[in-house]
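K.L.:
Here is a sequence with its predicted model. Questions after.
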Amino acid sequence: MAKKGKIIIERELCKGCYLCVRACPKGVIARSGAANAGGVFPVEVAGAGCIACGMCYEVCPDCCITVYEKAAA
């Protein structure tokens, strides 16, 4: 059974480097259409399908992503 995950993104900490967008194997993260307080277009969760691989967390230079593994139902 495949793992399922949940991603939490701190919008105000994101500087818009989009490394996590490129790192996500499932395409779950995308550029937001709304700017944060710093005028940056941060990333956002753009769909379901997270497998809790943690690649987005690993590449984020600002530590603004947290990945949780959901418990099996």
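P.N.:
Ah, there it is. Numbering: from 1, shown residues only.

K.L.:
what about the strands in the chain?
P.N.:
5-9, 29-31, 43-45, 65-69 (DSSP state E).

K.L.:
Let me have those in JSON lines, extended by distance to residue 17, mean pLDDT and mean neighbour count.
P.N.:
Heads up, the C-betas are built off the backbone N, CA and C, glycines and all. Shown next, in JSON lines, are those (distance: least, C-beta to C-beta, whole Å; pLDDT from 0 to 100; neighbours: other C-beta atoms under 10 Å):
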{"stretch": "strand 5-9", "distance to residue 17": "13", "mean pLDDT": "96", "mean neighbour count": "16"}
{"stretch": "strand 29-31", "distance to residue 17": "11", "mean pLDDT": "97", "mean neighbour count": "17"}
{"stretch": "strand 43-45", "distance to residue 17": "9", "mean pLDDT": "97", "mean neighbour count": "19"}
{"stretch": "strand 65-69", "distance to residue 17": "12", "mean pLDDT": "96", "mean neighbour count": "16"}
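
K.L.:
Out of those strands, which is closest to residue 51?
P.N.:
strand 5-9 (6.0 Å; C-beta to C-beta).

K.L.:
thinking again about what came up before, redo the strands of the chain as CSV? Include distance to residue 16.
P.N.:
Formatted as CSV, these follow (distance: least, C-beta to C-beta, whole Å):
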stretch, distance to residue 16
strand 5-9, 12
strand 29-31, 8
strand 43-45, 8
strand 65-69, 13
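
K.L.:
Low-confidence ranges, the chain, go.
P.N.:
Along the chain, the parts satisfying pLDDT under 70 run over 1, 73.

K.L.:
circling back: and of the strands of the chain, who's closest to residue 52?
P.N.:
That would be strand 5-9 among the strands of the chain, by C-beta to C-beta, at 2.8 Å.

K.L.:
Contact partners for the residue lying closest to residue 32 once chain neighbours are set aside?
P.N.:
Once flanking residues are discounted, residue 32 sits nearest to residue 44: 4.3 Å by C-beta to C-beta, 6 or more residues apart in numbering. Residues in contact with residue 44 (C-beta atoms under 8 Å, 6 or more residues apart in numbering) are 9, 11, 29-32.
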